[in-house]
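S.K.: got a sequence here, can you build the structure:
(2 chains)
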Protein chains: 2
Amino acid sequence: MNAELLSVGTELLLGNILNTDARYLANELAELGINVLHQSVIGDNEARLIEALQLAISRSDIIITSGGLGPTGDDITRETIAKALGKKLILDEPSLERIRESFSRMGRSMGKSNIKQAMLPEGCIILQNDWGTAPGCIVEQGKKIVVMLPGPPRELYPLFAKTVRPYLSKFSEGIIFSTSLREFGIPESTVQEILDDLMKGTSPTLSPYAKEGEVQLRVTAKAATEEQARKICHPVVDEVKRRLGNAIYGEDVENLQQAVVQALKKRNQKIALAESCTGGMTASRITEVSGSSEVFECGVVTYANRVKEALLGVRQETLETDGAVSEQTASQMAEGIRLKAAADYGVGITGIAGPGGGTAEKPVGLVYVSVSDGKDCYVRRLLLGHGNAEREFIRYLSSSNALDMARRMILGIPQMKSAVRVDPPRPQNPGSYFGK
Amino acid sequence: MNAELLSVGTELLLGNILNTDARYLANELAELGINVLHQSVIGDNEARLIEALQLAISRSDIIITSGGLGPTGDDITRETIAKALGKKLILDEPSLERIRESFSRMGRSMGKSNIKQAMLPEGCIILQNDWGTAPGCIVEQGKKIVVMLPGPPRELYPLFAKTVRPYLSKFSEGIIFSTSLREFGIPESTVQEILDDLMKGTSPTLSPYAKEGEVQLRVTAKAATEEQARKICHPVVDEVKRRLGNAIYGEDVENLQQAVVQALKKRNQKIALAESCTGGMTASRITEVSGSSEVFECGVVTYANRVKEALLGVRQETLETDGAVSEQTASQMAEGIRLKAAADYGVGITGIAGPGGGTAEKPVGLVYVSVSDGKDCYVRRLLLGHGNAEREFIRYLSSSNALDMARRMILGIPQMKSAVRVDPPRPQNPGSYFGK
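M.R.: Okay, the predicted model is just below:
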């Protein structure tokens, strides 16, 4: 069973947006054991879309389109595919009612142009879209299957997971099972060298996927049942954990922030954050995790020095002598916010994210990250991006490093070698925000 | 002149990585005035790669491949394309020497497998790769042009910019000029209805692109010079601005946060943020803008009620009677952080981002957003998503709404109709963090 992806949208051809849908669908289909041999991008153009569909039908069993189901005149996927398949479009009243309701819930009335979103090919399976207005659909044409999905990822992902995945799973031969380990701190090329022999295996396969300072290691096996597939994966998962040690921060964990929130929840502990150059990004990453309110009550973004003094008790003489970007300021921020917020752990981040503000002594990319539990305080000096990195990259990696230091401290495992231990500094006015 | 992109790599078909190369190349070609009508992804498979190349040559003038130039057995682009074009591969000594040198600079010796990276199609134009080992090449075959580039973005981007862009610019017919207007607050379907006639135009074209509650409106014209193209765009840009009015938040501005930072800089004013459900996302978005430190000194993430009281002066009786998610709490947060941080504007955001925590009376997606300048305070009640939206979507839209309210207040333009004006509330302990 082969599938083919047709991504429809001029904005993709113009390079306005990344094709995240294709990646998501390819990934999902691989897990279902359905091969994807072709992916194409086509503009909102009737003739070329029909051509692409015909080519796809000639060589693939399942064709999945994404995009072009919106209300505007540019959105022609529904009409064009129906035409190419010789199907009439029929108004689906329940879909229209759903669209109308979703507008009225937002206190708006539905525009006329939205009506066409409820026009669907005759005899299709309707995919009810609870995440947006345009329903998707599945058209079965002889032995070929055409699936049409809306383009916005926040609609396509859940719609696929809830409706198309169960539908397609009956065509999948056997089960593909994957489990993911994630590591932070060992560069991709080193991971490759350490795991070289394991990566040559075919059952299970081990594939690295590097992104923003982390490597995800995906272990995948195909078998008749999930249990069998799990058994095939098991020894390689164990061996990867053994070789990469503490750098592995989780199995089937989404990201560092989730690992941190989980570790805190288990221990019924709280963390507080003081951020300068990352400007709230670490707080935003932690609060992205559902249920983080149990472990995170308070974060401050202290861009200005006077705010570092007033809200964190960073000493004026430290800011004057060592500067806002220094080991001393970072550690006072970490221990300061811990005391002020009456939390178990405090994190401090200060650095130069650029593009301006760098000097020869303190270049763009210089960041100090600190974590304190009141007994121990660790600081790491980072020099990110070889003087060439972008602001967002520096900020993201700084925040990842802070999360990893917190994870290590919470779990009681050693910090990275480059971390320096200092005695927790005593901030000026050390009382908490909440009085005695 | 039409171009077509062929992305080669099984990791793309499996959804292991995003196709960032295709996006980059599409963008660059659009700017050169070269139309991209097709993009395809193909695995590392000889038969299918030859098929894809032949199809591409049959319909496009320029074919750009990316990927598959590495040293491993999987990397077959060079050999396969040369074979399909009937060209011999010839060892290019200078390229081999460069590869050998790059290994010795890293203190390693070159492996045998790397030799094939210096084997290039006879008569090609060699593209010297200063960012990796594999050189690219251009093969001119009659009137068709085939360009092969390495896959890693950190090699492809600079190699394209330095060698392929100048080469292709001679084929570009005139200049394509685009300018973007961005609006927040009017739904895509309504924008479509308002601008319907303008969107039917062909010179300039006007295309809407909706994303996360905003619509980007791109006005594009092709002409001999940029000045001429600008002139063609001008009347449509003005007309769009006239019809959408205050909802347009900028021309050639990247996003709402940039619009807010620019407006504040111009007036030499400062903003402070108090975030609950958005958990630092608004602060992170503002500090993503380079130079934001001039207008933003201080933000707080106040998840817990006791932090809202202690850091913002939100009244205990408000939290008890009206609740943390209420108009009253939002406005006290906005005015509270404004006073505490001694800023010109304060923003308060409180709501239920889900998936847990919703009730019949206060469902997931209910968010109050407030902005205050000490004279006026506005609050908007939002009900985001269709009761089904994801946590990150609710957080993002809440933060966008807050940024838009701030923008309107800074610029002195009316708030949206659904905003309610209240007198700026007096927080308990109204002093600033900095004493008198």
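S.K.: doesn't A:Ile90 belong to a strand?
M.R.: Yes - counting by DSSP: H, G, I helix; E, B strand; the rest coil, A:Ile90 is part of a strand.
S.K.: not counting sequence-adjacent ones, nearest residue to it?
M.R.: Using CB to CB, 6 or more residues apart in numbering or on different chains and skipping the chain neighbours, the partner closest in space to A:Ile90 is A:Glu122 (5.1 Å). C-beta: built from backbone N, CA, C; applies to glycine.
S.K.: let me see the contact set for A:Gln192.
M.R.: Going by CB atoms under 8 Å, 6 or more residues apart in numbering or on different chains, A:Gln192 touches A:Met199, A:Pro208.
S.K.: tell me the buried residues in the helix or strand hosting it?
M.R.: Assigned by DSSP states H and E, A:Gln192 belongs to helix A:188-194. The neighbour-count check on helix A:188-194 (16 or more other CB atoms under 10 Å in any protein chain shown) flags A:Val191 as buried.
S.K.: and stretch A:135-142, C-alpha only, in CSV?
M.R.: Provided in CSV are the C-alpha atoms of stretch A:135-142 (Å, rounded to 0.1, in the frame of the first residue of the first chain):
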residue,chain,number,x,y,z
PRO,A,135,-14.6,19.5,7.1
GLY,A,136,-12.3,17.0,5.5
CYS,A,137,-13.4,14.0,3.4
ILE,A,138,-12.5,10.6,2.1
VAL,A,139,-13.5,9.6,-1.5
GLU,A,140,-13.2,5.9,-2.4
GLN,A,141,-12.9,5.5,-6.1
GLY,A,142,-12.5,1.9,-7.1
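S.K.: can you tell me if it touches chain B.
M.R.: No - legend: contact between stretch A:135-142 and chain B by CB under 8 Å from any CB of the partner chain is lacking; minimum distance shown is 13.0 Å.
S.K.: buried sites along that stretch?
M.R.: By 16+ other CB under 10 Å, the buried positions in stretch A:135-142 come out as A:Pro135, A:Gly136, A:Cys137, A:Ile138, A:Val139.
S.K.: thought the fourth one was touching A:Leu159?
M.R.: Going back to what we said before, that points to A:Ile138. No - A:Ile138 lies out of contact with A:Leu159 (CB atoms under 8 Å); the separation is 11.4 Å.
S.K.: what sits in contact with each of those two?
M.R.: When contacts are counted by CB under 8 Å, 6+ apart, A:Ile138 and A:Leu159 have A:Leu127 as shared neighbours.
S.K.: how many residues are close by the residue nearest to A:Ile90?
M.R.: 12 (other CB atoms under 10 Å in any protein chain shown).
S.K.: ok, now how distant is it from chain B?
M.R.: Distance of A:Glu122 to chain B, given as CB to the nearest CB, to the nearest Å: 25 Å.
S.K.: ok, that residue - contacts?
M.R.: A:Lys87, A:Lys88, A:Leu89, A:Ile90.
S.K.: pull out the buried residues from these.
M.R.: A:Lys87, A:Leu89.
S.K.: of the contacts of A:Glu122, which is the nearest to B:Glu288?
M.R.: B:Glu288 has its nearest neighbour among the contacts of A:Glu122 in A:Leu89, at 43.2 Å by CB to CB.
S.K.: which residues are in contact with the closest residue to that closest one other than its chain neighbours?
M.R.: Nearest residue to A:Leu89 in three dimensions, chain neighbours excluded: A:Met119, at 4.2 Å (CB to CB, 6+ apart). The contact partners of A:Met119, by CB under 8 Å, 6+ apart, come to A:Arg78, A:Glu79, A:Leu89, A:Ile90, A:Leu91, A:Asp92.
S.K.: of the contacts of A:Glu122, closest to chain B?
M.R.: Distance to chain B across those (CB to the nearest CB) is lowest for A:Leu89, with 18.4 Å.
S.K.: who does the closest one bridge with?
M.R.: A:Pro121 (DSSP bridges).
S.K.: my guess is it contacts A:Thr77. True?
M.R.: No - the criterion here is CB under 8 Å, and A:Leu89 misses it with A:Thr77 at 11.8 Å.
S.K.: so for the one helix or strand A:His234 maps to, mean pLDDT?
M.R.: Here A:His234, judged by DSSP H and E, is contained in helix A:226-244. Across helix A:226-244, the average pLDDT comes to 96.
S.K.: would JSON lines of the contacts of A:Met119 with distance to B:Gly431 and pLDDT be doable?
M.R.: As requested, these are exported to JSON lines (distance: CB to CB, whole Å; pLDDT from 0 to 100):
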{"residue": "A:Arg78", "distance to B:Gly431": "60", "pLDDT": "96"}
{"residue": "A:Glu79", "distance to B:Gly431": "63", "pLDDT": "96"}
{"residue": "A:Leu89", "distance to B:Gly431": "65", "pLDDT": "96"}
{"residue": "A:Ile90", "distance to B:Gly431": "67", "pLDDT": "96"}
{"residue": "A:Leu91", "distance to B:Gly431": "63", "pLDDT": "96"}
{"residue": "A:Asp92", "distance to B:Gly431": "61", "pLDDT": "96"}
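S.K.: hang on, the earlier thing: tell me which of the buried residues of stretch A:135-142 fall in strands.
M.R.: A:Gly136, A:Cys137, A:Ile138, A:Val139 (DSSP state E).
S.K.: identify, from those residues, the entry nearest to B:Ala342.
M.R.: Nearest member of those to B:Ala342, counting by CB to CB, is A:Gly136, at 51.8 Å.
S.K.: can you tell me how far that closest one is from A:Tyr167?
M.R.: Distance of A:Gly136 to A:Tyr167, computed by CB to CB, to the nearest Å: 11 Å.
S.K.: what are the boundaries of the strands in the stretch 101-250 of chain A?
M.R.: Here the stretch 101-250 of chain A has its strands, by DSSP state E, counting those that start in this stretch, at A:119-121, A:125-127, A:136-141, A:144-149, A:175-184, A:205-211, A:214-223, A:248-251.
S.K.: which stretch among those comes nearest B:Val289?
M.R.: B:Val289 lies closest, by CB to CB, to one member of these: strand A:205-211, at 23.9 Å.
S.K.: closest to chain B among the ones in strands among the buried residues of stretch A:135-142?
M.R.: A:Gly136 (15.1 Å).
S.K.: who's in contact with the closest one?
M.R.: A:Gly136 makes contact with A:Leu69, A:Ile126, A:Leu127, A:Asn129, A:Val147, A:Met148, A:Leu149, A:Pro150, A:Leu159, A:Thr163, A:Val164, according to CB under 8 Å, 6+ apart.
S.K.: cool, thanks, signing off.
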